[in-house]
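> give me a 3D structure for the following:
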Amino acid sequence: MIDTSLEAYNSILPDLSKKQKVVMGALFLLNGSATNEEISTYLQWPINTITPRTGELLKQRLIARGEKVKTPSGRSAYKYIVQPYQLKLL
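Have a look, this model is predicted:
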């Protein structure tokens, strides 16, 4: 996704915090599906900054919980996926 597409998408999102928008953008750039650990690595943010944001986005139904996978650290985690109707906005 090019930066202008991401900017356009962010401009039409509901009122989200800056960090929520960044996490949502990271999910798009990670092909619409990622674990908290993958988002944390991609953004180079601490995991304890990512987890609350994905919880908030999940509660707002902007993302959904996907399959459970093993992370590189060996733990089990859910993938978070961008809702299909969100992808149509791009």
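
> residue 20: how many residues sit nearby?
Using other C-beta atoms under 10 Å, residue 20 has 20 other residues around it. For every residue, glycine as well, the C-beta is placed using N, CA and C.

> isn't it up against residue 56?
Yes - between residue 20 and residue 56 there is a contact under C-beta atoms under 8 Å: 6.0 Å.

> next, residue 39: phi, psi?
Main-chain dihedrals, residue 39, degrees, to the nearest 10: phi -60, psi -40.

> when you give positions from now on, start the count at 32
Sure thing, new numbering starts at 32, so read that last one as residue 70.

> how about the strands in the chain?
Assigned by DSSP state E, the chain shows strands spanning 64-65, 94-101, 107-113.

> closest one to residue 71 among those?
Evaluated over these, closeness to residue 71 peaks at strand 64-65, with 9.4 Å, by C-beta to C-beta.

> which parts of stretch 89-96 are buried?
Along stretch 89-96, these residues count as buried under the neighbour rule (16 or more other C-beta atoms under 10 Å): 93-95.

> alpha carbons of it, as PDB, please.
Output in PDB follows, covering the C-alpha atoms of stretch 89-96 (Å, rounded to 0.1, in the frame of the first residue of the first chain):
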ATOM      1  CA  LEU A  89     -11.300  -5.600  18.300                       C
ATOM      2  CA  LYS A  90     -14.000  -4.000  20.500                       C
ATOM      3  CA  GLN A  91     -14.800  -1.500  17.800                       C
ATOM      4  CA  ARG A  92     -15.100  -4.400  15.300                       C
ATOM      5  CA  LEU A  93     -12.500  -2.800  13.000                       C
ATOM      6  CA  ILE A  94     -10.400  -6.000  13.300                       C
ATOM      7  CA  ALA A  95     -11.300  -9.600  14.100                       C
ATOM      8  CA  ARG A  96      -9.500 -12.400  15.900                       C
END
